[in-house]
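Peer 1: What follows is a predicted protein model with its sequence.
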Amino acid sequence: MMSPSVARRTIATPVLLGLLLIAFALVAVAVGSKPFNQTVIDIFLKVIFVVGLWVFVGNSGVISFGHIAFACLGGYVAAWTTIKPMMKGMSMPGLPDWLMQTEIPYWGSAMVAAGWAALWALIFGSVLMRLSGIAASIATFAMLAMVNSIYSNWESVTAATSSVVGIPIVRSIWPYLVAALISVFAAWAYGISRHGLALRAARDEPTAAAASGIDIPRARLIAFVISGAIMGMGGALYSHSIGIVTPDTFYLGLTFITLSMLVVGGMGSLSGAVLGVLILSTLIQTLRRLEAGVQVGEITLALPGGVQEIALGAVMILILMFRPAGIMGNKDLSLPQRAALETRGPTGPRT
Amino acid sequence: MGSLLQVLFDALSLGSLYALGALGIALIFGVMRLVNFAHGDVIAACVFALLWPSVDAVAIIFAGNLPWYLLVPFVLAIGAALSVACEALVFRRFRRANPATMMIASFALGFVIRYFLLMLFSSRPKSISLLPALSQPVEILGARIPLLQLITIAVTMAVLFGLTAFLRRTRFGLEMRAAAENFTMARMLGVRANRVIMGAFALSGALAAAIALILGSQTGTANIMMGASVMLMAFIATVIGGMGSLAGAVLAGFLLGAVATVMQVILPPDARAFRDAFVYGAVILVLIFRPQGLLSARGTRERV
Amino acid sequence: MSLLALSNVSVRYGRLVAVRGITFSLGEGEILFITGPNGAGKSSLLRAIAGVTPPSGGRIDFADHDITGRAPEDIARFGLAMVPEGRDVFGGLTVEENLMVGTGMHSATRGWKARAATELEAVYATFPVLKDRRHAQAGLLSGGQQQMLVIGRALMTNPRLVAIDEPSLGLAPNITDQVYERLIALLAMRKLTLLIVEQSSTRAMMVGGRMMLMRGGEILLDGDARALGQSEAMQAAYFGYGEP
């Protein structure tokens, strides 16, 4: 699958990124405040989503607006498999009996969610991956809208647009850290695998890649399924982090935030994906603090609601204008004495 | 007969909205290969232009009180101005960028506009009564058709004929069509790039405003999300119509309207809520068999 | 006084240098053939003159204006008409609409409509086949007809310099003959300067005029077309043997 020498040359990237995430976790423990704990959990979840998105978008160069649909699938798996049977009967009476009786721990639901999302990624992907460029991007958008429309209306198994409550809340940061680390290492392993290399070759030189026998739709499908699985896992954990789920949790807002993190960090590299999350999360937290209000003497100064998203959008546009390859500019983190690794392709995604 | 006629008018009026939306997107795609995700938010902004900024639940009507012959030009002008501002402030700097980069930039810009509205007006839908006289039904061959539906269809037809005449008969229209086919060549023949692109944005913004007027009168509410669903269908229509083909976009818009209306009728009651999901699914299938769209424009095909 | 003057013009695409510091000037009424093998930088040079790919270095003057880095539409207004390679007709527009696109740049001057109409008749007189098919979609014309259309379209802008990239590309020899016949007839009729890019020097030798040979982004030879075409230096330079 992957040559050991490539693995040795590039292992520094996931290790460094992993250490960075662990450092965040340790800071959270040291600070020991509950809101900060939640913030760090939120960052880990975004890392999972953005890394999952990167596996497809970064390697294939096809922009997807639809990946949050897989998070939605995963989020509801958590609701279906972990809520107490009695509560399920009230909010989602249409579930089949065996599912109604199922009650598994959060890590089990995360794994089932990954599998369930991967299955649907396979189904959607085998159709969508035959498209390319802008048509593919818009079709992924249609997929997102389709999943959202089904989950917002299928009252008996999703409670439609009302919140499904009672999902066991996991407050410890460690499971989220572990899942983020798994995502980062999985994304790295995929990136240096035969399939990942072939897909990036196809992204940078589509004609040459097709001529040398790379089956582009199939290569894209593999990436789509793997990224779908990661998104599904992230979706389940997201549900466990807040205890409730609605279809609109996983819709345009989350799509926007994850895409902007990927763009700002740089979609050409795994490090870009992770750093994009860390940088924008910091910005979001700062803005959120300001929206809540800052005490200056006797007066509380607060930014009006919405400034957060406006600022995010502005940052995203400015990055696209002046540094379209993102902050990392397609490069990956590596130890200084080693040469920069893998993707050194030309800038940005292609359509 | 009456109910059949009812379905026909439903399909035409829904299709009108999608066609107007698709036209606004295809116009811009034609001249600069930009898939403008901010279009839906321009629609929402036009509705809110009728209100005075306030986060209260009750809408403070501002321009909404104008008589219709002032109201309509006012809203159209707002749409055109906002759209041109998007071009001048943001998209102009992306002229040489690749289509994917422009697409994400427009997505971000759409969010900026939406949350700007949220900041000014809050996210709660507000009820407005825009041109209330239009909601009365009229009787045609035994079917009770809301007057607004008739006006929607008539306005759309007028816009389509007007736009066709504009594109075919005027110097500016000629330059725009030439630029849509081959921008560089048009410039080498002295066609001013900025003028054509600005014109396309102004037209597209005015189309967004027309949708805003129709939607606002139809639903009686102003909602920051109101452009989103029309926009998604409009996107799909532009893709099915063949990116960049104006006629294709319009036809596909009407086709989508017809499919959605017919599904509403023939689907079993339990499944009606999933109408849109069925439409999206049908669209994905169409794209599989005709990835270039049903009516693909010459010279706008993408490579791999 | 020269109509077009290039001094030390370079064109690059990223790291690739297509044109390396070219200097030459072209007088009013001249015919200049630029020949050279594939990849010599001929088309890049034309694109730089037309403003499509701004030069990375050097200076271009045209009709008493410094046009370095100017937009293509401005350069067109100074009187440069470009006929790019590959017959870029607007396929969805009719023949007549194609011809009319370029007349709009004079719309600020008085009487432009009447002049455009006269011009149109003149082009139809030169290329009668275009008149026959004036309402046909340009995309449906044959290759030779399209070539005539793009040349006619360039003439409609009332240019001082017409730059044509590979007018014979993809055309049958007898059609190419026709195209050239018309071009030469046109030269006699109006005050035009011609810059023609061709891969081979055969046409240049037949038509006569001045010829430059480009290779590797540089001008290797410059002189009278007929004299140069028969010289051995030409052969050597074209194929690259006898290089230091």
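Peer 2: Yep, that arrived.
Peer 1: for chain C, what's the longest helix?
Peer 2: Using DSSP state H to define each element, chain C has its longest helix at helix C:173-189.
Peer 1: And the helices in the stretch 1-150 of chain A?
Peer 2: Using DSSP state H, counting those that start in this stretch, the helices of the stretch 1-150 of chain A run over A:4-10, A:12-31, A:34-60, A:68-82, A:85-91, A:97-101, A:106-128, A:133-153.
Peer 1: thinking again about what came up before, and the average pLDDT for the longest helix of chain C is what?
Peer 2: The average pLDDT within helix C:173-189 is 82.
Peer 1: just stretch B:48-67 next, same as before
Peer 2: Mean pLDDT, stretch B:48-67: 75.
Peer 1: mind checking how far it is from the chain centre?
Peer 2: Relative to its parent chain, stretch B:48-67 has a centroid offset of 22 Å by C-alpha atoms, centre = their mean, to the nearest Å.
Peer 1: can you list the residues that contact that stretch?
Peer 2: Contacts to stretch B:48-67, defined as C-beta atoms under 8 Å, 6 or more residues apart in numbering or on different chains, come from residues B:71, B:74-75, B:78, B:117, B:120-122, B:124, B:126-128, B:130, B:216, B:222, B:224. No exception for glycine: its C-beta is placed from N, CA and C like everyone else's.
Peer 1: Could you tell me which residues of the stretch 201-350 of chain A lie near chain B?
Peer 2: Contact residues, the stretch 201-350 of chain A versus chain B (C-beta under 8 Å from any C-beta of the partner chain): A:206-207, A:210, A:216, A:252, A:256, A:259-260, A:263, A:304-310, A:312-314, A:316-317, A:320-321, A:324, A:348-350.
Peer 1: and with 7 Å instead?
Peer 2: When proximity is defined as C-beta under 7 Å from any C-beta of the partner chain, the stretch 201-350 of chain A approaches chain B at A:206-207, A:210, A:256, A:259-260, A:263, A:304-307, A:309-310, A:313-314, A:316-317, A:320-321, A:324, A:348-350.
Peer 1: And the residue of chain C that's closest to chain B?
Peer 2: residue C:105 (3.0 Å; C-beta to the nearest C-beta).
Peer 1: Got the confidence number for whichever residue of the stretch 51-200 of chain B sits closest to chain C?
Peer 2: In the stretch 51-200 of chain B, the residue that lies nearest chain C is residue B:190 (3.0 Å; C-beta to the nearest C-beta). You'll see residue B:190 listed with a pLDDT of 92.
Peer 1: Can you flag the buried ones in the contacts of stretch B:48-67?
Peer 2: Judged by neighbour count, with 16 or more other C-beta atoms under 10 Å in any protein chain shown as the criterion, the buried members of the contacts of stretch B:48-67 are B:71, B:74-75, B:78, B:117, B:120-122, B:126, B:128, B:130, B:216, B:222, B:224.
Peer 1: ok, so of those residues, who is nearest residue A:128?
Peer 2: residue B:224 (29.4 Å; C-beta to C-beta).
Peer 1: picking that back up, distance of the residue of the stretch 51-200 of chain B closest to chain C relative to chain A?
Peer 2: Per C-beta to the nearest C-beta, to the nearest Å, residue B:190 is found 29 Å from chain A.
Peer 1: Residue A:81 contacts residue A:109, doesn't it?
Peer 2: Yes - contact criterion C-beta atoms under 7 Å: residue A:81 and residue A:109 qualify, at 4.6 Å.
Peer 1: Between these two, which is the more surrounded one?
Peer 2: residue A:109 (29 against 22; other C-beta atoms under 10 Å in any protein chain shown).
Peer 1: For that one, give its distance to chain B.
Peer 2: 25 Å.
Peer 1: List the residues that contact that residue.
Peer 2: If you count contacts by C-beta atoms under 7 Å, 6 or more residues apart in numbering or on different chains, residue A:109 has them with A:77-78, A:81-82, A:236.
Peer 1: just residue C:150 next, same as before
Peer 2: Each residue near residue C:150 by C-beta under 7 Å, 6+ apart is listed here: C:83, C:87-89.
Peer 1: Hey, what's the angle from the longest helix seen in chain B to helix A:133-153? Just curious.
Peer 2: In chain B, with assignment by DSSP H, the single longest helix is helix B:2-32. With axes from the mean of the first three to the mean of the last three C-alpha atoms, to 10 degrees defining the directions, helix B:2-32 sits at 140 degrees from helix A:133-153.
Peer 1: Show me what helix B:2-32 is packed up against.
Peer 2: strand B:143-146, helix B:147-169, helix B:171-181, helix B:193-219, helix B:226-240, helix B:246-266 (3 or more C-beta pairs under 7 Å, 6 or more residues apart in numbering or on different chains; DSSP states H and E).
Peer 1: Need these in JSON lines (columns: mean pLDDT).
Peer 2: JSON lines is the format used below for the helices and strands packed on helix B:2-32 (pLDDT from 0 to 100):
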{"stretch": "strand B:143-146", "mean pLDDT": "80"}
{"stretch": "helix B:147-169", "mean pLDDT": "91"}
{"stretch": "helix B:171-181", "mean pLDDT": "91"}
{"stretch": "helix B:193-219", "mean pLDDT": "92"}
{"stretch": "helix B:226-240", "mean pLDDT": "86"}
{"stretch": "helix B:246-266", "mean pLDDT": "90"}
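Peer 1: separation between residue C:42 and chain A?
Peer 2: For residue C:42, the distance to chain A equals 24 Å [C-beta to the nearest C-beta].
Peer 1: where in chain C is pLDDT low?
Peer 2: Chain C contains residues with pLDDT under 70 at C:1, C:240-244.
Peer 1: can you do 50?
Peer 2: Low-confidence segments of chain C (pLDDT under 50): C:242-244.
Peer 1: One more: chain A?
Peer 2: In chain A (pLDDT under 50), the answer is A:337-351.
Peer 1: Please repeat the previous calculation with a cut-off of 70.
Peer 2: A:1-3, A:336-351.
Peer 1: So which residue is smack in the middle of it?
Peer 2: residue A:49 (1.0 Å; C-alpha atoms, centre = their mean).
Peer 1: Tell me how many other residues crowd residue A:23.
Peer 2: Using other C-beta under 10 Å, residue A:23 is surrounded by 10 other residues.
Peer 1: actually residue A:255, not the one I typed
Peer 2: The local packing of residue A:255 (other C-beta under 10 Å) involves 24 other residues.
Peer 1: Residue B:256 now?
Peer 2: Number of residues near residue B:256 (other C-beta under 10 Å) recorded here: 26.
Peer 1: pretty sure it contacts residue B:18?
Peer 2: Yes - at 5.0 Å, residue B:256 and residue B:18 qualify as touching, with contact defined as C-beta under 7 Å.
Peer 1: Is there contact, residue-wise, from stretch A:198-206 to chain C?
Peer 2: No - for stretch A:198-206, no contact with chain C is found by C-beta under 7 Å from any C-beta; the gap never falls below 13.8 Å.
Peer 1: Please point out which parts of that stretch sit buried.
Peer 2: Across stretch A:198-206, burial judged by 16+ other C-beta under 10 Å covers A:198-206.
Peer 1: Also stretch A:30-38?
Peer 2: Those would be A:36-37, for stretch A:30-38 by 16+ other C-beta under 10 Å.
Peer 1: any residues touching it, and which ones?
Peer 2: Defining contact as C-beta under 7 Å, 6+ apart, one finds that stretch A:30-38 is touched by A:28, A:173.
Peer 1: now do the same end-to-end measure for it.
Peer 2: 14 Å (C-alpha to C-alpha, to the nearest Å).
Peer 1: Show me how far that stretch is from its chain's centre.
Peer 2: Using C-alpha atoms, centre = their mean, the offset of stretch A:30-38 from its chain centre is 23 Å.
Peer 1: do the same with stretch C:101-108
Peer 2: 20 Å.
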